[in-house]
Each structure stands twice: as C-alpha cells, then as structure tokens.
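Enquirer: predicted structure and sequence below. I'll ask about it afterward.
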Amino acid sequence: MLSFRSLADIEAQRPRLPPRIARCLTAVMDGLLKAYEEYDPEDDGYVAAVTPETTNADAVELMGTPWINARWEGVSYDKENRCFISCVLFNNQFGISFVIDDAPWLSKLHPDFRDRLVYEMGGEDAK
C-alpha cells in the first residue's frame, strides 16, 4: 500500500504506478485539495493506493480491522481507470481515501473483498 499526502507525492511515485492508478490517485487528491481551504494531511487525511503489495496487516495497522470488515463510506467506481474509490472516516474531519485497483489479486485480501465493494456501491457490478 502506498500513501500520498500531496500531488508531489503522487508524481514522485508515478514511475512505480500503473498510469491508470496514477490518474485515479491524482483525481482523488485534486478533490481533497478543492474540498479544504487549507488542506493539512495530518488533520484532514490523505489518499492511499491499495496495490498488489498490500496486505491485511496494512488494514489492521490503519483501521484496526482487515479490509473485508472496513467501514467503507460511499464506494464508487472509476470505469475509465478500473478502480474502486472509497474512504474510511475516523472522525468528523480525518479520513483516508482509498484507490483500490480492481484486479484479480484483490481476492488475496479476502475471497469476497471485491463483492463487498460492489455491495457497498448498491450491488451494481462495476464492470
């Protein structure tokens, strides 16, 4: 899992990211920057990419629970970039926005993880 607290962070990691994931991360970060007059990632949250290297230990460290049990807020799907987008809110201000690559490796996090994300979108399959 990779974390990003600015557009510069995304640019610095761009060589390691598939172009579609980088595009999605940039769009989500742009949204955060527009939502806050003075964006401070330590107070307001940041963006994280759930990548093939991501494990359930990452989720437990961040949220205290595996990915399948996370309290997702407003899951959506970016069809162009084939990513789920959601966030987990920790209080009224701080949250982590997640860009989750829609790829077969998601099942390593939990066999039903993709199905859970689709369920959170209202049951309409993203594809």
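Expert: Received, thanks.
Enquirer: helix, strand or coil for the residue nearest the centre of the chain?
Expert: Nearest to the geometric centre of the chain sits F98, at 1.2 Å (Cα atoms, centre = their mean). F98 falls in the strand class when you classify it by DSSP: H, G, I helix; E, B strand; the rest coil.
Enquirer: residues in contact with it?
Expert: By Cβ atoms under 8 Å, 6 or more residues apart in numbering, the contact set of F98 is V47, A48, A49, V50, F84, I85, S86, C87, V88. The C-beta positions use only the backbone N, C-alpha and C, and glycine is treated the same way.
Enquirer: one more: L89?
Expert: Contacts of L89 by Cβ under 8 Å, 6+ apart are R71, E73, G95.
Enquirer: what is the nearest of the residues you listed to R5?
Expert: Within the contacts of L89, the smallest distance to R5 is 13.2 Å, found for G95 (Cβ to Cβ).
Enquirer: quick one, what contacts that closest one?
Expert: D44, G45, E73, C87, V88, L89 are the contacts of G95 under Cβ under 8 Å, 6+ apart.
Enquirer: rerun that using 10 Å as the cut-off
Expert: L32, D44, G45, Y46, E73, S86, C87, V88, L89 (Cβ atoms under 10 Å, 6 or more residues apart in numbering).
Enquirer: identify the bridge partners of it.
Expert: Here G95 sits in beta bridges with G45, L89, as judged by DSSP bridges.
Enquirer: cool, I85 as well?
Expert: According to DSSP bridges, the residues that bridge with I85 are S76, V99.
Enquirer: correct me if wrong: it contacts V99.
Expert: Yes. Using Cβ atoms under 10 Å, I85 is in contact with V99, at 5.9 Å.
Enquirer: more crowded one of the two?
Expert: Taking neighbours as other Cβ atoms under 10 Å, I85 and V99 compare with V99 leading, 28 against 21.
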